[in-house]
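[1] Next input, structure requested:
(one chain, ligands or ions: 2)
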Amino acid sequence: MKPAARQSFTKHFEKIPHIAYEGADSDNPLSYRWYNADEVIAGKKMKDHLRMAVCYWHTFRGTALDIFGPGTLVRAWEDGSNSVDMAVKRTEVVFDFITRLGLPFYCFHDRDVAPEGANLTETNKNLWAVAKRLKELQAATGVKLLWGTANMFSHPRFSQGAATSPNADVFAYCANSVKEMLDVSKFLGGENYVFWGGREGYNTLLNTDMARESDHAGAFFHMAADYAKKIGFKGQFLIEPKAMEPTKHQYDFDAATCLAFLRRYGLEKTIKLNIEQNHALLAGKDFCHELDVCRINGVLGSVDANRGDAMNGWDTDQFPNDYRECAQAMLIILKNGGFTSGGLNFDAKVRRDSYDVEDMFHGHICGVDAWARGLRIAAKIAKAGKIDKFIKDRYASYDKGVGKEIESGKATFESLQEYILKKGEAAGNASARQEYLENLFNSYC
Ligand code: XUL
Ligand code: CO
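    Ligands and ions are numbered 1, 2, ... in the order given. Here you go, the predicted model:
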């Protein structure tokens, strides 16, 4: 780590050391057991494979309020105000935290870093006041912006949607939000720009013109792309699918739904996807299914690394801990050639009764190590090549004869009928060997 990255900006984490790699046998809970940033795995440093980011919203703006009660997390650095002064002071705590974890990136919404003002002009001014300080802290620490985004879901004006609101003034308001955040993202060297749908969706068709709302969303993305081009913002646009919550029917339900939308509006070359584990669960899909849908369609952009709870149907946003699932996900990411502009953003929060500052570290350390261990396992599996070979062999009938004619486009229904009539019956199927493969997979863990 560069010496500059070890500086402490505040006194709030005095009792926490800079988290270092100590290896799998370490019994120090404030160390990494699997994440060794500069170690080369499968031809690349671990930090460059994983590109991990701290999210501003859960870790620094979340108080753990829920619908049954107020926030329980009292942070010593907060003065209780939602002022620009506090926003600027908070940035130093954030960078102190990220550098102690030794992670290379962070992500934020406009409203995470700066409060709304008395009017929109003041709101924009507030955002720039904080962005300037963020830029200084990025320069001082080497921490970079993985992605920026705009919060177009919290304020009551967005209660019926943002770009899909029936109120055109809200659409215009959102144009200001994204325009400013694209400028800020460019200013801070953001490597991506994320659109999570927020309240883009509906609760009942009795009040909703889905066709118009969809067209409005398409138009909004084109305006965003035009503006990014105009200012020379080179970051990758990403849509983050989510099936439900807050609306019943979210327009960005899952990867396949987003792909259909992108193709319908000619945006498939402009926008990739940011896949979140917990959102995949809400869609009733495996996280890895969503990743592979993206991979085979060339839109695997980035990942919101968290986990849901298989027993309930909401967005619990817990820190990832299942290194076997991370390993399977990393296999897909490696197959994709790794991340380019994307990375792993910990869109995760500590539980309502994990009150201490130390818990913020334990959550991140657990997530970092789950993914680092997953990467190590995935690299072993890829190198051994046994699973790849099994899959390749399973389709061997398409590498020759009639199968090859099907894949090359030479076969027709007539030619295939002639072939199979002559044979009289299809060749027997080989076993798909799921149990063998699951056992093989486990043997690398
Ligand atoms: C909401 C969610 C968001 C996005 C960014 O479920 O995941 O925090 O990641 O807007
Ligand atoms: Co997310």
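
[2] Let me know the next secondary structure element after the longest helix seen in the chain.
    Longest helix of the chain, by residue count under DSSP state H: helix 357-384. Sequence-wise, the next helix or strand downstream of helix 357-384 (DSSP states H and E) is helix 386-394.

[3] C-terminal to that following helix, what's the next element?
    Criterion used, DSSP H and E; the element after helix 386-394 is helix 401-408.

[4] pLDDT of that next one, averaged?
    In this model, helix 401-408 has a mean pLDDT of 98.

[5] Stretch 225-237 now?
    For stretch 225-237, the per-residue pLDDT averages 98.

[6] Restricting to C-alpha, output that stretch in PDB.
    What follows is stretch 225-237, C-alpha atoms only, in PDB (Å, rounded to 0.1, in the frame of the first residue of the first chain):
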ATOM      1  CA  ALA A 225     -26.200   9.100 -23.300                       C
ATOM      2  CA  ASP A 226     -26.200  12.200 -25.500                       C
ATOM      3  CA  TYR A 227     -25.200  14.400 -22.600                       C
ATOM      4  CA  ALA A 228     -22.400  12.000 -21.500                       C
ATOM      5  CA  LYS A 229     -21.000  12.100 -25.100                       C
ATOM      6  CA  LYS A 230     -21.300  15.900 -25.200                       C
ATOM      7  CA  ILE A 231     -19.200  16.400 -22.100                       C
ATOM      8  CA  GLY A 232     -16.800  13.500 -22.900                       C
ATOM      9  CA  PHE A 233     -17.800  11.300 -19.900                       C
ATOM     10  CA  LYS A 234     -16.200   8.000 -20.700                       C
ATOM     11  CA  GLY A 235     -17.700   5.900 -17.900                       C
ATOM     12  CA  GLN A 236     -19.800   2.900 -18.600                       C
ATOM     13  CA  PHE A 237     -23.600   3.300 -18.100                       C
END
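
[7] Name the residues that touch that stretch?
    With contact meaning CB atoms under 8 Å, 6 or more residues apart in numbering, stretch 225-237 is reached by 147, 178-179, 182-183, 185-186, 190-193, 195, 221, 224, 267, 270-272, 301-302, 340-342. Every C-beta, even on glycine, is put in place using the N, C-alpha and C of the backbone.

[8] ok, 7 Å please
    Identification of contacts with stretch 225-237 by CB atoms under 7 Å, 6 or more residues apart in numbering yields 179, 182-183, 185-186, 190-193, 270-272, 301, 341.

[9] Give me the nearest residue to the residue of the stretch 151-300 of the chain at minimum distance from ligand 1, chain neighbours excluded.
    Going by CB to the nearest ligand atom, ligand 1 is nearest to residue 196 of the stretch 151-300 of the chain, at 3.5 Å. Sequence neighbours aside, residue 240 is the residue nearest to residue 196 in space, at 4.0 Å (criterion: CB to CB, 6 or more residues apart in numbering).

[10] Just list the residues touching the one you found, thanks.
    194-196, 274, 276, 304.

[11] And residue 304, by the same measure?
    240, 274, 276, 345, 347.

[12] Distance of the fourth one relative to ligand 1?
    Same thing as residue 345. Distance, residue 345 to ligand 1, by CB to the nearest ligand atom, to the nearest Å: 7 Å.

[13] which strand residues sit across from the most centrally placed residue in the chain in the sheet?
    Centroid-nearest residue in the chain: residue 304, 2.4 Å away (criterion: CA atoms, centre = their mean). Counting by DSSP bridges, residue 304 forms beta bridges with residue 276, residue 345.
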